[in-house]
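Chemist: Sequence and predicted structure below; questions after.
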Amino acid sequence: MYPFRDGSFAVRNAWYVLAWGSEVTRQPLERWLLGEPVALYRKLDGGIAAIAGNCPHRHYPLAEGCLEGDSLRCPYHGLRFAADGQCDDIPSQSHVPRAYRARSYPVVQQWEWVWVWAGDPERADPSLLPADEEIRLNEEGFVYRPFYFHEIKARYQLLNDNLLDLTHLAFLHASTIGQRENSTTPDVREQTGRRLSSRREMKDVALAPASRLRHQGKVDRVSAMDFFAPGLHAGIDETRVASSDPERGGELLAAGRVYHAVTPATRDTTYYFFANGARSEEELDRKFELLKEPIAEDIHASEEIERILSRMEGPPRELLLKADAQAVQGRRLLQEMMDREQTAGTAAGGAAPEPARTG
Amino acid sequence: MYPFRDGSFAVRNAWYVLAWGSEVTRQPLERWLLGEPVALYRKLDGGIAAIAGNCPHRHYPLAEGCLEGDSLRCPYHGLRFAADGQCDDIPSQSHVPRAYRARSYPVVQQWEWVWVWAGDPERADPSLLPADEEIRLNEEGFVYRPFYFHEIKARYQLLNDNLLDLTHLAFLHASTIGQRENSTTPDVREQTGRRLSSRREMKDVALAPASRLRHQGKVDRVSAMDFFAPGLHAGIDETRVASSDPERGGELLAAGRVYHAVTPATRDTTYYFFANGARSEEELDRKFELLKEPIAEDIHASEEIERILSRMEGPPRELLLKADAQAVQGRRLLQEMMDREQTAGTAAGGAAPEPARTG
Amino acid sequence: MYPFRDGSFAVRNAWYVLAWGSEVTRQPLERWLLGEPVALYRKLDGGIAAIAGNCPHRHYPLAEGCLEGDSLRCPYHGLRFAADGQCDDIPSQSHVPRAYRARSYPVVQQWEWVWVWAGDPERADPSLLPADEEIRLNEEGFVYRPFYFHEIKARYQLLNDNLLDLTHLAFLHASTIGQRENSTTPDVREQTGRRLSSRREMKDVALAPASRLRHQGKVDRVSAMDFFAPGLHAGIDETRVASSDPERGGELLAAGRVYHAVTPATRDTTYYFFANGARSEEELDRKFELLKEPIAEDIHASEEIERILSRMEGPPRELLLKADAQAVQGRRLLQEMMDREQTAGTAAGGAAPEPARTG
Ligand code: FES
Ligand code: FES
Ligand code: FES
């Protein structure tokens, strides 16, 4: 599926954010992950359970069920499933075979992100979660806040493409957080394993239009983003008095940490979790308001492109620019990860990564 | 199509209910049957005509036409079709070739059900209609009433699955007509040709939550359902004073006859006709109110499962319980009927049962 | 795609009307042509540009962009395209390779029609545009007016079928512009290259029901339509005092020119541009009101038939009448044009005419 090779949809053996921690309560929540429904709920000990969102009996949505302790009872014929997916009650029979289970998903809460492992549970690898330090989470002197959750009518890669090429700030967000130099300043790129980094240093520029910072002169801005494939983009945004200013040059005016978690829900819908860090609650308040509009612009762009792609005949051709290097590298990285899974899956007789849809 | 083999959709050579008798008037009615539109109307002699719902000229919906005697004139170019489908007027030419006809469907009204034969008209077999006696229709001491008609956004087999496994009463309908014993009491099953019977006798149980019967003590309940494949479920529901009661044991408190006609309209929409019999008009009034909610719950379950199935990647796995024996047997029976038709169709050079959709 | 051979959708090397001239302004307009988005805008010199509606960079809808002179800047990453499709600015890099271009479409404005060439620009042939004289445009003594634009939820050929068989006036438009004789009077047909002509002369008939002409007696009517395949139907409608009237026989009561441009937007949506000519502005006013209802009836017919076709299983059979000769000839003509393109395309290694949809 564009922009990937036909038959490639998404990396399966990976962690994706499916909810904010605060959304996972004793009232089960249905979310989708790579074309499968998942039921999420909070266990009595505060941990999180993530099991199949379709009851394995007759596919009734399990998240409509009620909890009994840490077990979830399906409202249709009353089967009950423990937090690990094991069926632990079948009202119509006394014996529950061990093999009666709902799929369960490995789940980890890191800060407010509820990460769920989409692939083979045996291969769930906590070391693939981004470490707090490498994404500058829980830094001394910073406070953090989940900002928005959106369900987007677009294939997920359109969001990744957006985040891997921040030259778009100069145009799509020209009236808020972007300025011409977001496009004209080249970035410095680096790949370390599954991390793709891009860093752009803009010297002696004006404040971004909607920054609302109280400063008259020129500034130096740093805009950097690390993509932790396949599901998280973590960046920083710093504004300092321009180093050309003889008196206050280099003085920090604003420093932000931004987090975009992008999750393939289904083939053409995406979950988008946006969070921020800043040096004070007041700065977070300011950013919460400031960033509403650019995020809405990103969603608009993705949904408009999806509208175009879904109506068009034939596969569209594309221009490649120098500024696309990171986006191209990001697509290549995901394609390689998918190819490796497909090879491994085929070798092991596993399921193909893009099964035919249910008839 | 799940839960059938790929390429299997529905039994064609069979009767299905397409309307209540009262719905078929001199104003033609469009209904769909196995992916084909049908125009139904009342003839001057009170009989019913069922002809193609798409004009065989240019596919204008014939049910938008007007009757002239027993003939239906298409509002687009004015071709007129008799009740047997024969074209009997072409305004733009004087001669009407005998071969100019709309498809016509054998139709039989039994009580308030308008049964239409979906398959080869030559093979329409009235003996396949359920006999009044075997479904306890027009019984001495009973009155009958059509209750509700619903068009459901779900594949029809989800409704059949629902009706073939009444253990769901204990959960899906826990607040109205169901009670725990609907699930814990085993049923007695029997197959006679295309009839699958299930009978459950619950002894010494409480009244169902919403029964509104005036009785203080325990009761004995009988809940039985016969599936006349492929399109009708006919059941009885009896409540008596528990036989353990020394004085009134066995005294009949309520006796009902229930009828669920399930018709595949298209691949993912289903018509559902629900009727009841009881010992008095007052009891029918009571049931008409009482049963609204459980029927809405059944529809909700089917449409929710369809939502899950239609979004999911890949074919879902299923658990089989002991209580599924009847549903499994029902699916198997329909699959066998479809397989026989396909074999017969292929042998006779007939059309495959699941043709490709119109482009 | 019905009613064409599987794999045939629409003639590509042809002119289609995509807009009224007045719709094309300095505010770019998105329209679709044979499954591709097109951005239309007015150049500074008054000419019209028609370039790809999806930015060739990342498919953002170009018509959401802003004009800078005659160039259109994409609002996403700021690429700018000249009216001929050549990229003329990439903000993030200094060099713009010559090969960076958006597709551009040959475009011609004739009267209020904006004709766009859907196929190979090299083969755009102005001689395929209908000449003013052959469609009676800009005739002495006549004034002309664009009437309505509609986007219709139906495949385009249903509109062509409608216009190629005007016997439908007698029924679909029985309450407005049609009368029985529209169906019973045979037409005289003629083919000249890609023009199919049909002319029907009705003698000694009543006025059409809603004609609003002030005349008591019988009239003679001429109803003629020329199909200029694949996209325009140009007709005349004349009403005279019946020649049987000894005094005023032959006196012209009304004379109209009607124009229906039918454009395949996507596989199942069609643009419909309806215009009229008459002998005075007052007569155009009268017709503007009079023709609203019959045009709505034609749209209703096409959308209802599309609803039937899109839900039906399997390809529908059709009756052929004598009155269908012109419609059949029209379909055959389009099929031949498509077949020739496919042969030519295959011979030249070109793209197949019905590519698989984007995944
Ligand atoms: S569907 Fe959940 S118990 Fe049957
Ligand atoms: S479509 Fe019915 S008469 Fe033409
Ligand atoms: S999508 Fe138009 S410039 Fe990138």
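Modeler: Thanks, I have the structure now. Numbers count the residues shown, from 1 in each chain, chains lettered A, B, ... in the order given. Ligands and ions are numbered 1, 2, ... in the order given.

Chemist: ok now do residue A:106, which residues does it touch?
Modeler: Residues counted as contacts of residue A:106 (Cβ atoms under 8 Å, 6 or more residues apart in numbering or on different chains) are A:50, A:116-117, A:121, A:124. All C-beta spots, glycine's among them, are computed from the backbone N, C-alpha and C.

Chemist: Same check on residue A:54?
Modeler: Per Cβ under 8 Å, 6+ apart, neighbours of residue A:54: A:36-37, A:60-62, B:305, B:308, B:312, B:316.

Chemist: switch the cut-off to 7 Å
Modeler: Listed by Cβ atoms under 7 Å, 6 or more residues apart in numbering or on different chains, the contact set of residue A:54 reads A:37, A:61-62, B:308, B:312, B:316.

Chemist: Which single strand of chain A contains the most residues?
Modeler: strand A:252-266 (DSSP state E).

Chemist: Just checking: what are the partner strands of that one?
Modeler: strand A:232-241 (antiparallel), strand A:269-278 (antiparallel) (DSSP bridges).

Chemist: right, and those strands - which one's nearest ligand 1?
Modeler: Minimum separation from ligand 1 across the strands paired with strand A:252-266 (Cβ to the nearest ligand atom) falls at strand A:269-278, 24.1 Å.

Chemist: avg pLDDT for the closest one?
Modeler: Averaged across strand A:269-278, pLDDT comes to 98.

Chemist: contacts for it?
Modeler: Defining contact as Cβ under 7 Å, 6+ apart, one finds that strand A:269-278 is touched by A:17, A:20, A:112, A:142-156, A:159, A:256-265, A:284, A:287, A:295.

Chemist: Show me which parts of the longest helix seen in chain A are buried, residue by residue.
Modeler: If you go by DSSP state H, chain A has its longest helix at helix A:325-347. Residues of helix A:325-347 classed as buried under the neighbour-count rule (16 or more other Cβ atoms under 10 Å in any protein chain shown) are A:325-331, A:333-334, A:337-338, A:341-342, A:345.

Chemist: With stretch A:287-303 instead?
Modeler: Of the residues in stretch A:287-303, those buried (16+ other Cβ under 10 Å) are A:287, A:290-291, A:294-295, A:297-302.

Chemist: is chain C contacted by it?
Modeler: Yes: Stretch A:287-303 reaches chain C (Cβ under 7 Å from any Cβ of the partner chain) through residue A:301.

Chemist: Dump that stretch to CSV, restricted to CA.
Modeler: Coordinates of each C-alpha in stretch A:287-303 appear next as CSV, following Å, rounded to 0.1, in the frame of the first residue of the first chain:
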residue,chain,number,x,y,z
LYS,A,287,1.9,25.6,24.0
PHE,A,288,-1.3,23.7,24.4
GLU,A,289,-3.1,26.7,22.9
LEU,A,290,-0.5,27.5,20.3
LEU,A,291,-0.1,24.1,18.9
LYS,A,292,-3.8,23.3,18.4
GLU,A,293,-3.8,25.0,15.0
PRO,A,294,-0.7,23.5,13.5
ILE,A,295,-1.7,20.0,14.6
ALA,A,296,-5.1,20.6,12.9
GLU,A,297,-3.2,21.7,9.8
ASP,A,298,-1.2,18.4,9.8
ILE,A,299,-4.3,16.4,10.2
HIS,A,300,-6.0,18.3,7.4
ALA,A,301,-3.0,17.7,5.1
SER,A,302,-3.0,14.0,5.8
GLU,A,303,-6.8,13.5,5.4
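
Chemist: can I see the domain layout of chain A?
Modeler: Domains of chain A are assigned by the TED database as A:15-120, A:137-310+A:324-334.

Chemist: related to what we said a few turns ago, among the buried residues of stretch A:287-303, which are in helices?
Modeler: Residues of the buried residues of stretch A:287-303 located in helices (DSSP H): A:287, A:290, A:294-295, A:297-302.

Chemist: thinking again about what came up before, which of the contacts of strand A:269-278 come close to ligand 1?
Modeler: Among the contacts of strand A:269-278, none lies close to ligand 1 by the criterion of Cβ under 6 Å from any ligand atom.

Chemist: Distance to residue A:277 and pLDDT for the buried residues of stretch A:287-303 - can I get that in JSON lines?
Modeler: Formatted as JSON lines, the buried residues of stretch A:287-303 follow (distance: Cβ to Cβ, whole Å; pLDDT from 0 to 100):
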{"residue": "A:287", "distance to residue A:277": "9", "pLDDT": "95"}
{"residue": "A:290", "distance to residue A:277": "14", "pLDDT": "94"}
{"residue": "A:291", "distance to residue A:277": "13", "pLDDT": "96"}
{"residue": "A:294", "distance to residue A:277": "17", "pLDDT": "97"}
{"residue": "A:295", "distance to residue A:277": "16", "pLDDT": "98"}
{"residue": "A:297", "distance to residue A:277": "22", "pLDDT": "98"}
{"residue": "A:298", "distance to residue A:277": "19", "pLDDT": "98"}
{"residue": "A:299", "distance to residue A:277": "22", "pLDDT": "98"}
{"residue": "A:300", "distance to residue A:277": "25", "pLDDT": "98"}
{"residue": "A:301", "distance to residue A:277": "25", "pLDDT": "98"}
{"residue": "A:302", "distance to residue A:277": "24", "pLDDT": "98"}
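
Chemist: Residue A:325 touches residue A:188, doesn't it?
Modeler: No: Residue A:325 lies out of contact with residue A:188 (Cβ atoms under 7 Å); the separation is 11.0 Å.

Chemist: Pretty sure residue A:112 sits against residue A:23.
Modeler: No: with contacts defined as Cβ under 7 Å, residue A:112 does not count as touching residue A:23, sitting 9.3 Å away.

Chemist: All the helices of the stretch 101-250 of chain A, residue numbers only.
Modeler: With DSSP state H, counting those that start in this stretch, the ranges of helices along the stretch 101-250 of chain A come out as A:156-164, A:181-184.

Chemist: quick one: contacts for the closest residue to residue A:169 other than its chain neighbours?
Modeler: Take residue A:169 and drop its neighbours on the chain: the residue closest to it by Cβ to Cβ, 6 or more residues apart in numbering or on different chains is residue A:178, 3.2 Å away. Applying Cβ under 7 Å, 6+ apart, one finds that residue A:178 lies in contact with A:169-171, A:208.
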